[in-house]
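Colleague: missing the sequence, but the structure's below:
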């Protein structure tokens, strides 16, 4: 027995005034209409309609039940309309995940600009250094950085690529000097960043002479780039920062670049979500927005570094 369908039939019978008129309206039969109401009455163990050959009349219990049916059916119709509309226009809450540093530097500014275009979308942003469980239903879409992605059931879009650079404070280089070549890092305090992507004490430098792996050590290891940036500014040592975390400090003079002809640990930026099927409009438009926005800001930061 389909209770919701029977509720619809009951409401239609009352509205139409007879089983026959309801059957014509629903392209069904009078017998099917009568059976639906009888099934409801048997389920509820109450009489909803007093029937005669000439007319139908609601019982007192039927009047109360009709009001509840009308409210339930109206709420159901609204929910289905909203769910269907979610595929046509961006509306509702979009649950995002991002790694912490790229979330602060790139994702939050992107959200501001995205919502200027789609003000009916609200955002729940979770930032962490742990990989998201998108299949657990906690997030609709994730923005992560990784050298590459392993095969998975998630849909991925490459949004751009960036890299890390070495930075120190002006005070540190005045007091300890500036490394001239990668091997000189062994004589310096190296502050390390612990992320899922790379071993923190192995710095793979790419420069004019090719690749060179340097083992480093120092007094501090953290797991968020912005925290490492504070330690570097305080003069604790030399640290590896993502370009997007370092560029503003380089511009305002609180950071200086070390070994400027070298980069480290190239990183791709990906948008991930669980499935292409029934992708709602807010997820689709957010990913499309990122595919345009992020390459522009990455190119801007690289140009600032070169300038």
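Modeller: Arrived safely. Model, not experiment: these values are computed from the prediction.

Colleague: how close does residue 229 get to residue 104?
Modeller: 11 Å (CB to CB, to the nearest Å). (Each C-beta comes from the backbone N, C-alpha and C, glycine too.)

Colleague: These two: who's more crowded?
Modeller: residue 229 (24 against 17; other CB atoms under 10 Å).

Colleague: looking at it, the more buried one is touching residue 249, isn't it?
Modeller: Yes: assessed by CB atoms under 8 Å, residue 229 is found in contact with residue 249 at 6.4 Å.

Colleague: residues near the nearest residue to residue 117 once chain neighbours are set aside, how many?
Modeller: Once flanking residues are discounted, residue 117 sits nearest to residue 289: 7.3 Å by CB to CB, 6 or more residues apart in numbering. Neighbour count of residue 289, defined by other CB under 10 Å: 17.

Colleague: which SSE is residue 289 in?
Modeller: helix 281-306 (DSSP states H and E).

Colleague: What is that helix packed up against?
Modeller: With contacts taken as 3 or more CB pairs under 8 Å, 6 or more residues apart in numbering; DSSP states H and E, helix 281-306 sits against strand 92-99, helix 108-117, strand 141-146, strand 155-168, helix 243-252, strand 263-273.

Colleague: Show me which positions of it end up buried.
Modeller: For helix 281-306, a neighbour-count test (16 or more other CB atoms under 10 Å) marks 281-283, 285-287, 289-290, 293-294, 297-298, 301, 305 as buried.

Colleague: do the same with stretch 155-172
Modeller: Within stretch 155-172, judged by 16+ other CB under 10 Å, the buried ones are 155, 159-160, 162-169, 172.

Colleague: what residues go with each domain of this structure?
Modeller: As assigned by automatic domain parsing, the chain contains the domains 3-85, 91-307.

Colleague: Turn those into a markdown table, including mean pLDDT.
Modeller: A markdown table is the format used below for these (pLDDT from 0 to 100):
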| stretch | mean pLDDT |
| --- | --- |
| domain 3-85 | 85 |
| domain 91-307 | 90 |
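
Colleague: Could you single out the most deeply buried of the ones you listed?
Modeller: Among the domains of the chain, domain 91-307 has the highest mean neighbour count (mean count of other CB atoms under 10 Å), at a mean of 17.

Colleague: ends of that domain, how far apart?
Modeller: 41 Å (CA to CA, to the nearest Å).

Colleague: Please state the offset of that domain from the chain centre?
Modeller: 17 Å (CA atoms, centre = their mean, to the nearest Å).

Colleague: how about residue 98, what does it touch?
Modeller: 107, 125-127, 142-144 (CB atoms under 8 Å, 6 or more residues apart in numbering).

Colleague: quick one: which two of the residues you listed are the most distant?
Modeller: Farthest pair in these (CB to CB) is 125 and 144. Separation: 13.4 Å.

Colleague: overlap in contacts of these two?
Modeller: 97-98.

Colleague: Which stretches in the stretch 101-250 of the chain count as helices?
Modeller: Listed in chain order, the helices of the stretch 101-250 of the chain (DSSP state H, counting those that start in this stretch) span 108-117, 170-176, 225-233, 243-252.

Colleague: And these: which comes nearest residue 51?
Modeller: Comparison of these against residue 51 by CB to CB identifies helix 108-117 as nearest, at 56.3 Å.

Colleague: what's the angle from the closest one to strand 141-146?
Modeller: 150 degrees (axes from the mean of the first three to the mean of the last three CA atoms, to 10 degrees).

Colleague: outside of helix 108-117, which residues touch it?
Modeller: By CB under 8 Å, 6+ apart, helix 108-117 touches 96, 121, 123, 125, 285-286, 289-290, 293-294, 297.

Colleague: picking up where we left off before, joint contacts of residue 229 and residue 249?
Modeller: Joint contacts of residue 229 and residue 249 (CB under 8 Å, 6+ apart) are 167, 255.

Colleague: Spatially nearest residue to the most centrally placed residue in the chain (excluding sequence neighbours)?
Modeller: Compute the mean C-alpha point of the chain, and by CA atoms, centre = their mean the closest residue is residue 96, 2.2 Å away. Nearest residue to residue 96, sequence neighbours excluded (CB to CB, 6+ apart): residue 125, at 4.8 Å.
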